[in-house]
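Trainee: mind looking at a prediction? Sequence and model below.
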Amino acid sequence: MKKIEWRKICYWSLISIPVLILLNLLLKIKMFSGLVELFYSRIIYRFVSSVLSTLTSLLPFSIIEIIILISPFFITCILVFLIKNSITQLIKLKKGIKESSKTFFNILAVICALTSVGFALYTSGLSLNYNRRPISRTLALDTSEPSKEELAAAFEYIIKNANQSCVELDWTSYDEILYNGNIGGQTNATLKKMGQTDPLYKGGRVIPKPLLTSNYLSRTSITAFFSPYTYETNYIASYPLFSIPQTLCHESAHLRGFAREDESEYIGFIACTQSNDKLFRFSGYMYAYNLFGNALYKTDKKSYEVLSETADRRIHSQWKSYSEFTEQHKDSSLNKTTEKVNDIYIKSQGVSDGVQSYDRSLLLIIGQFRRDGVI
C-alpha cells in the first residue's frame, strides 16, 4: 500500500485556501453576477443542495449540532495525542526529534486539509450565493424609498390581513395560540408551493430541525441558522410560536440559494403569506407588522398610532410576549457577542450595513406591493 504523503496534503491544502478566497472575491465583481446566477445558483447549487438537503432531512436531529457538540472532545483528543506522541519520541534519543517533527507535520497536514475542505464546503454551500444577481433585479421590483403615504397604506394592508389571519387561528383564554400542525412539514409544503408558483424558488426537501440546545441558545441573538456544511435549517424552538414559521422560511431561503439577509426575509414573508397554513400566514403578516410599524413610527408617528389601534388585541399581546422573551437576555454579554459576530460575518460578505441589512427587506416588500397594486 502506498504511504500517504502528509506533507503534500498540507502543501496543497494551504495553497487551495487562498485560491478559493481569490475565486470568491473575483466572482463578487458585479459583471459576474449574472454568471453566478444562471450557472451556479440555479443549476449547480440547486442540484447539490436538493440532493444533500433531502438526504440530511431523513435524520430527525440536527447533524451540525451534534458535530459542534462533540468537536471539543475530538480536538482535545488530538491535542493529547500530539503532546503524548511528541514526548514519547523525544525520549528516544536516536530518532526523537525527527519522528516528533514527522508527527507534528502529519497532524498539521490533517488540520490544514480539514480547514481547506471546510472552507470549500462553506464557499460552495453559501458564500458564492452572495454574488448572485440581486433579487430586486431578477423580479424587476421598484425598491425606491417609499413615501409616508405608501408606508401608511402598506401598514394598513398588513394590519387588515394580520387581523384576518388572527381570527382564523384557535386561541386559549390567555391569548395563546393553539396549533396542532407539523411546523417542519408545513415549512416544506410552503416552500414547495412557492417553487411551483415560481421556478426561481425551486429546491429540495426542507425539514427544519429544532435544536437540542434551544433553551441555552435562546440567551443569544440567534433565532435559527442554515448550515452550509450539512444543508440543514436549524431553529431555536423556545421562541414564541407565532415568530417561528417566518424564521424557518427565511432560513430555508438560504437553502434555496439566497444568501443575503434582506432577500431571505422577503422570501420568508412571501412564502408565509402564500401558505395554505393559517399559522404561517399569521407569522408572515406579524413579521411585516413589526417591520412596517417601526418604519412608519419613525416617519409619521400619528399615522402609526391611528392604524395600530385597529390591530387585533392579540397581535399586541403576542408582540408584548415576544419582547418580554427577548428582553430577558438582551443586555447579556453572550447576546451582544453573537450579534457582533453575525454583524462582522455579514460585512465580510460584502454587505456594508451588516445586521442592519435585515430591515432592507422592507424595500423589497414595498416593491412587491407596488407591483401587486396594493399601494
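Mentor: Arrived safely.

Trainee: list the helices and strands whichever helix or strand Glu265 is part of packs on?
Mentor: Here Glu265, judged by DSSP states H and E, is contained in helix 261-273. For helix 261-273, the elements it packs on are helix 135-138, helix 183-197, helix 244-255, helix 278-299, helix 361-372, judged by 3 or more Cβ pairs under 8 Å, 6 or more residues apart in numbering; DSSP states H and E. For every residue, glycine as well, the C-beta is placed using N, CA and C.

Trainee: at 10 Å instead, please
Mentor: helix 135-138, helix 148-168, helix 183-197, helix 244-255, helix 278-299, helix 361-372 (3 or more Cβ pairs under 10 Å, 6 or more residues apart in numbering; DSSP states H and E).

Trainee: okay, angle between the fourth one and helix 278-299 too, please.
Mentor: Computed by axes from the mean of the first three to the mean of the last three Cα atoms, to 10 degrees, the angle separating helix 244-255 from helix 278-299 equals 90 degrees.

Trainee: got the angle between helix 244-255 and helix 361-372?
Mentor: 90 degrees.

Trainee: what about stretch 261-273, distance to the chain center?
Mentor: How far stretch 261-273 lies from its chain's middle: 11 Å, per Cα atoms, centre = their mean, to the nearest Å.

Trainee: got it, and stretch 343-360?
Mentor: Here stretch 343-360 is found 13 Å from its chain centre; the criterion is Cα atoms, centre = their mean.

Trainee: contacts for it?
Mentor: Defining contact as Cβ atoms under 10 Å, 6 or more residues apart in numbering, one finds that stretch 343-360 is touched by 24-25, 28, 126-127, 129-131, 136, 143, 221, 250, 259-266, 291, 294-295, 339-340, 342.

Trainee: select only the buried ones of these in ChimeraX?
Mentor: Selection of buried members from the contacts of stretch 343-360 for ChimeraX, criterion 16 or more other Cβ atoms under 10 Å:
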select :24,28,126,127,129,130,131,136,143,221,250,259,260,261,262,263,264,265,266,291,295,339,342
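
Trainee: tell me how the chain divides into domains.
Mentor: Annotated domains of the chain cover 6-131, 136-372 [automatic domain parsing].

Trainee: ranking the ones you listed by mean pLDDT, which is last?
Mentor: Among the domains of the chain, domain 6-131 carries the lowest mean pLDDT, a mean of 73.

Trainee: okay, now Cys77: neighbour count?
Mentor: Using other Cβ atoms under 10 Å, Cys77 has 10 other residues around it.

Trainee: just to revisit the earlier point, which of the domains of the chain is buried the deepest?
Mentor: domain 136-372 (a mean of 18; mean count of other Cβ atoms under 10 Å).

Trainee: what's the span of that domain, first residue to last?
Mentor: 14 Å (Cα to Cα, to the nearest Å).

Trainee: may I see the helices and strands packed on helix 261-273 arranged in TSV, with distance to Tyr235 as well?
Mentor: As requested, these are arranged in TSV below (distance: least, Cβ to Cβ, whole Å):
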stretch	distance to Tyr235
helix 135-138	23
helix 148-168	21
helix 183-197	9
helix 244-255	6
helix 278-299	13
helix 361-372	19
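
Trainee: assign a three-state SS to Phe226, would you?
Mentor: Reduced to three states with DSSP: H, G, I helix; E, B strand; the rest coil, the structure at Phe226 is strand.

Trainee: pretty sure it is touching Gly268, no?
Mentor: No: Phe226 is beyond contact range of Gly268, at 12.0 Å (criterion: Cβ atoms under 10 Å).

Trainee: identify the contacts common to these two.
Mentor: Common neighbours of Phe226 and Gly268, using Cβ under 10 Å, 6+ apart, are His250, Glu251, Ser252, Ala253.

Trainee: what residues does Pro210 make contact with?
Mentor: Pro210 sits in contact with 60-62, 65, 183-184, 224, 234-238, 244, where contact means Cβ under 10 Å, 6+ apart.

Trainee: so which of the residues you listed is the closest to Val206?
Mentor: Distance ranking of the contacts of Pro210 against Val206, using Cβ to Cβ, places Gly184 first at 8.3 Å.

Trainee: distance of the closest one from Glu305?
Mentor: Counting by Cβ to Cβ, to the nearest Å, the separation of Gly184 from Glu305 is 39 Å.

Trainee: Leu291 too?
Mentor: In terms of Cβ to Cβ, Leu291 sits 17 Å off from Glu305.

Trainee: over to Ile270?
Mentor: 28 Å.

Trainee: before we move on, what about Ser49?
Mentor: Using Cβ to Cβ, Ser49 is found at 45 Å from Glu305.

Trainee: where's Phe325, which helix or strand?
Mentor: Going by DSSP H and E, Phe325 is in helix 313-327.

Trainee: return the angle between stretch directions for that helix and helix 148-168.
Mentor: Computed by the same axes, to 10 degrees, the angle between helix 313-327 and helix 148-168 is 100 degrees.
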